[in-house]
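# next come a sequence and a model predicted from it.
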Amino acid sequence: MKKSLVALAALAVAGVASAQSSVTLFGVVDASISGYSNTARDERATVFPNAFGIPVYLNQGSVKTSRRVLANSGYNSSRIGFRGTEDLGGGLAASFWLEAPISNDDGQQGIATFARRSTVSLSGGFGEIRLGRDYTPTFWNDTVFDPFGTNGVGTNLISTANDQFGGFGTPAASTAPFTNVGSSNYVRASNTIGYFLPPNLGGFYGQVQYGFAEKTKYSSGIFTPDVANSQRQGRYIGGRFGYANGPLDVALAYGSSTVGDQYYVGTTTKVNTLNLGASYDFGPVKLFGELSKAKNKIDYEVTPLLGGRPDIDLTGYLLGVTVPVGAGLIRASWSHVKYDTNQPFNPFVVNNADPKANKIALGYVHNLSKRTALYATIARVSNKNGAGLTVGGPGFYNNAAGAFTPKSSTGYDFGIRHAF
């Protein structure tokens, strides 16, 4: 009986395999020794006992929070996945892609969620229609035109800042230790329909994507629950179009993510992102660049008498370079972001300048083979006017009085990556 069951199982597996033109198991295991150090400083002046009634205050100096860890995904994101394609004939093909994040440093997350990508597609001479959870068009420019690929301490500030900037007003409940797919549409969006241009357009490429909010609607609307972010949050629409030929690659992308709503107040909060990225490979050196502008705005059904909350802008710049050296690759980048709350100047408020930050990163990758590499990266962020961006690790220290201001953040990754 057992032998018969084994034979039937083998026939079933063979049947599935024969229906597929190709099925691939793939993945990356990346581990690093990483360190982070984040410094906050008390910028208030010491006030000694005085006869003017000014409260006495003793400046508390600076506080450094630091951590050393065995991390994952310092060079490439650790993952395991399955992808397959079936030739349907007549130029048509059906395919699937299931990709799971893994935390190989502690083993807590494995094939428990296909949060990195879970799609099914139909492709042909018309292009590709793709359904499921996938990268957003605007994120592609952040990662493709970053010498560090938005991984590890070298990740550019455009990516770091926008990831926080585009968070949902009411994120989904924590799924720790598993990846939470319901907190943002910045890197990936769920429940999407995407269309990709065919690859035979002389170097031109492009995509459009729409993500459903999947919220319950009520008719009549008076029965809608008075719960924040219950009607439109999660919706996404975006597109990316570019040209790649020889050493040149350039792309423009736009995306609009609905991050919050108040049904009875009549407001919808969106983050609209526009970015332009480019790279040019001269051979001995490859240059990268990106310009990014994101806007957090509230749409009002009835505009308040005083005009409502001003938009909040996030502007970013990135310059990068890679230099091949034998079996290795030198990587370097500089990135800058600035927040603008569009508030009128107030001479009675101290330090009301726009928050901003700069980051410099330097790294080296040594390829031991096509699949295995050693890498080292160091990076430093300098925050000004209250910006609080880090390279990773613990947050900046602050006390109940809010006396400390984020200043610098430094970090390193020394690791190994193996792909299969």
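Cool, the structure landed. Note that the structure is predicted; figures quoted are calculated from it, not measured.
# where are the low-confidence patches of the stretch 251-400 of the chain?
Applying pLDDT under 70 to the stretch 251-400 of the chain picks out residues 348-351.
# now do the strands in it.
According to DSSP state E, counting those that start in this stretch, the stretch 251-400 of the chain carries its strands in the segments 267-281, 286-300, 312-325, 328-340, 356-367, 372-384.
# of the ones you listed, give the one that comes closest to residue 186.
strand 267-281 (8.1 Å; Cβ to Cβ). From N, CA and C alone the C-beta is placed, and that goes for glycine too.
# what's that closest one packed up against?
Other helices and strands packing on strand 267-281, by 3 or more Cβ pairs under 8 Å, 6 or more residues apart in numbering; DSSP states H and E, are helix 137-144, helix 157-165, strand 248-262, strand 286-300.
# quickly run through the sheet partners of the last one, with directions.
When you say that, I think you mean strand 286-300. Strand 286-300 pairs in its sheet with strand 267-281 (antiparallel), strand 312-325 (antiparallel), by DSSP bridges.
# buried ones in it?
Neighbour counts over strand 286-300 (16 or more other Cβ atoms under 10 Å) mark 286, 287, 288, 289, 290, 291, 292, 294, 295, 296, 297, 298 as buried.
# still on that earlier bit, mean neighbour count, the strands paired with strand 286-300: which tops it?
Scoring the strands paired with strand 286-300 by mean neighbour count under mean count of other Cβ atoms under 10 Å gives strand 267-281 as the most buried, with a mean of 20.
# that one to strand 248-262, inter-axis angle?
Angle of strand 267-281 versus strand 248-262, following axes from the mean of the first three to the mean of the last three Cα atoms, to 10 degrees, is 170 degrees.
# mind exporting strand 267-281 as PDB, just the C-alpha atoms?
Extracted as PDB, the C-alpha positions of strand 267-281 are listed here (Å, rounded to 0.1, in the frame of the first residue of the first chain):
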ATOM      1  CA  THR A 267     -10.300  63.900   4.100                       C
ATOM      2  CA  THR A 268      -7.900  61.600   2.200                       C
ATOM      3  CA  THR A 269      -4.200  61.600   2.800                       C
ATOM      4  CA  LYS A 270      -1.900  60.700  -0.100                       C
ATOM      5  CA  VAL A 271       1.800  60.500  -0.600                       C
ATOM      6  CA  ASN A 272       2.700  61.300  -4.300                       C
ATOM      7  CA  THR A 273       6.200  60.500  -5.400                       C
ATOM      8  CA  LEU A 274       8.000  61.500  -8.600                       C
ATOM      9  CA  ASN A 275      11.600  60.400  -9.200                       C
ATOM     10  CA  LEU A 276      14.100  60.400 -12.100                       C
ATOM     11  CA  GLY A 277      17.100  58.100 -12.100                       C
ATOM     12  CA  ALA A 278      20.000  57.400 -14.500                       C
ATOM     13  CA  SER A 279      23.200  55.500 -14.800                       C
ATOM     14  CA  TYR A 280      26.000  55.500 -17.400                       C
ATOM     15  CA  ASP A 281      28.700  52.900 -17.600                       C
END
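# got the angle between that strand and helix 157-165?
Strand 267-281 runs at 160 degrees relative to helix 157-165, counting by the same axes, to 10 degrees.
# identify all contacting residues around stretch 188-208.
With contacts defined as Cβ atoms under 8 Å, 6 or more residues apart in numbering, stretch 188-208 is touched by 115-117, 123, 125-137, 139, 181-182, 209-212, 214, 234, 236, 238-245, 251, 257.
# next: stretch 80-94.
Against stretch 80-94 from outside (Cβ under 8 Å, 6+ apart): 19-27, 95-100, 102, 110-111, 114, 116-117, 120-125.
# for ChimeraX, what selects the buried ones among the residues you listed?
Only the buried entries of these go into this ChimeraX selection, using 16+ other Cβ under 10 Å:
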select :27,95,96,97,98,99,100,102,114,116,117,121,123
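# just the buried residues of stretch 230-248, please?
Buried-residue list, stretch 230-248, by 16+ other Cβ under 10 Å: 230-243.
# from those residues, which two are the most distant?
230 and 243 (41.4 Å).
# so which of the contacts of stretch 188-208 are in helices?
137, 139 (DSSP state H).
# and the closest residue to residue 47 other than its chain neighbours, what are its phi and psi?
Once flanking residues are discounted, residue 47 sits nearest to residue 57: 4.4 Å by Cβ to Cβ, 6 or more residues apart in numbering. The phi and psi torsions at residue 57 (degrees, to the nearest 10) take the values phi -150, psi 140.
# give me the element residue 175 is part of.
Using DSSP states H and E, residue 175 sits in no helix or strand.
# report how many residues lie close to it.
14 (other Cβ atoms under 10 Å).
# what's the answer for the one 4 residues further on, then?
Around residue 179 sit 17 other residues, with neighbours defined as other Cβ under 10 Å.
# grab the nearest non-local neighbour of it.
Ranked by Cβ to Cβ, 6+ apart and with sequence neighbours excluded, the top spatial neighbour of residue 179 is residue 115, at 3.9 Å.
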